[in-house]
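Novice: Need coordinates for the below:
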Amino acid sequence: MLADPGRARMVLALGDGRALAATTLAAEAGVAASTASAHLAKLVHAGLVQVERHGRHRYYRLTGSQVGEALEALARLAPAAPVRSLREGTRAHAVRLARTCYDHLAGQLGTAIMGALIDQDVLAGGDATFDSGGSGRDRLSSPGWDCDYQPTDAGRAWMDDFGVKIATGSRRPLIRYCVDWSEQRHHLSGALGAALLTRLTDMGWLRRAPASRAVHVTSDGRAGLATTFGIKAP
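Specialist: Have a look, this model is predicted:
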């Protein structure tokens, strides 16, 4: 399903969990509407994408966070795509700086925030790094060696003070992590990662790109990230 470049671009465009119209996905893939419709039908049949009907229009989204996690894992294995234009280079750079990984923050900004939460004793457990050298075996994320990240008492107070709201009664694990494909470090996922991205967006510190996983830092965000996390954001 993902071997076709057009389908791959469509699925990557849906990687932030939002629903996008078929016309938007056709433009993202660089194909005609009829070709996009055939691609999307295959993705729906394969269970990677689901379709929602709103009036006369169809919107598509990933079937769940597991698909987003699979995309992030595959991206760590895939060679870098060739950059054929200034537009492609600009978008690729933006995605590396800050992007969504389904419903949480990834890229340089995502890993920097994860590191800051550990440095500031909001989270305990591990050092947020991913070692790809040496034996080639990452003991921080391999099965049986998972980091046990947990919020500290000070961290729970910080979440309340910062306005991070976790859905009541949610069965989703509070803290999970992904090995970031571009940074080879951990970024925060789970219920806390999703709630933190929502809070940063609601505060106007981050702004999502209209049809891409890229996330842009606003001027308020640059000031806030520096004060709160000690991060010099792009």
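Novice: Do me a favour and get the end-to-end distance for stretch 178-186?
Specialist: Using Cα to Cα, to the nearest Å, the end-to-end distance of stretch 178-186 comes out at 5 Å.
Novice: What score does residue 111 have for pLDDT?
Specialist: You'll see residue 111 listed with a pLDDT of 91.
Novice: Could you do residue 190 as well?
Specialist: The model's pLDDT for residue 190 equals 90.
Novice: For it, grab the count of nearby residues.
Specialist: 21 (other Cβ atoms under 10 Å). The C-beta positions use only the backbone N, C-alpha and C, and glycine is treated the same way.
Novice: Spatially nearest residue to it, not counting backbone neighbours?
Specialist: What sits nearest to residue 190 in space, not counting adjacent residues and going by Cβ to Cβ, 6 or more residues apart in numbering, is residue 176, at 3.6 Å.
Novice: I'd like the distance between that neighbour and residue 186.
Specialist: 10 Å (Cβ to Cβ, to the nearest Å).
Novice: Kindly report the same for residue 194.
Specialist: In terms of Cβ to Cβ, residue 194 sits 16 Å off from residue 186.
Novice: Same question for residue 154.
Specialist: For residue 154 relative to residue 186 (Cβ to Cβ), the value is 20 Å.
Novice: of the two, who's got more company?
Specialist: Remark: of residue 154 and residue 186, residue 186 carries more neighbours, 25 against 12, as counted by other Cβ under 10 Å.
Novice: Toward the C-terminus, what is the element adjacent to the helix or strand harbouring the more buried one?
Specialist: Using DSSP states H and E, residue 186 sits within strand 186-189. Per DSSP H and E, the first helix or strand lying C-terminal to strand 186-189 is helix 190-202.
Novice: what packs against that next one?
Specialist: The elements that helix 190-202 packs onto, with contact taken as 3 or more Cβ pairs under 8 Å, 6 or more residues apart in numbering; DSSP states H and E, are strand 104-106, strand 176-179, strand 206-208.
Novice: in that helix, what's buried?
Specialist: Neighbour-count burial for helix 190-202, counted by 16 or more other Cβ atoms under 10 Å, picks out 190, 191, 192, 193, 194, 195, 196, 197, 198, 199, 200, 201.
Novice: same check, this time on stretch 23-41
Specialist: 24, 25, 26, 28, 29, 31, 36, 39, 40.
Novice: farthest pair in those residues?
Specialist: Across these, no pair lies farther apart than 24 and 39, at 13.3 Å, counting by Cβ to Cβ.
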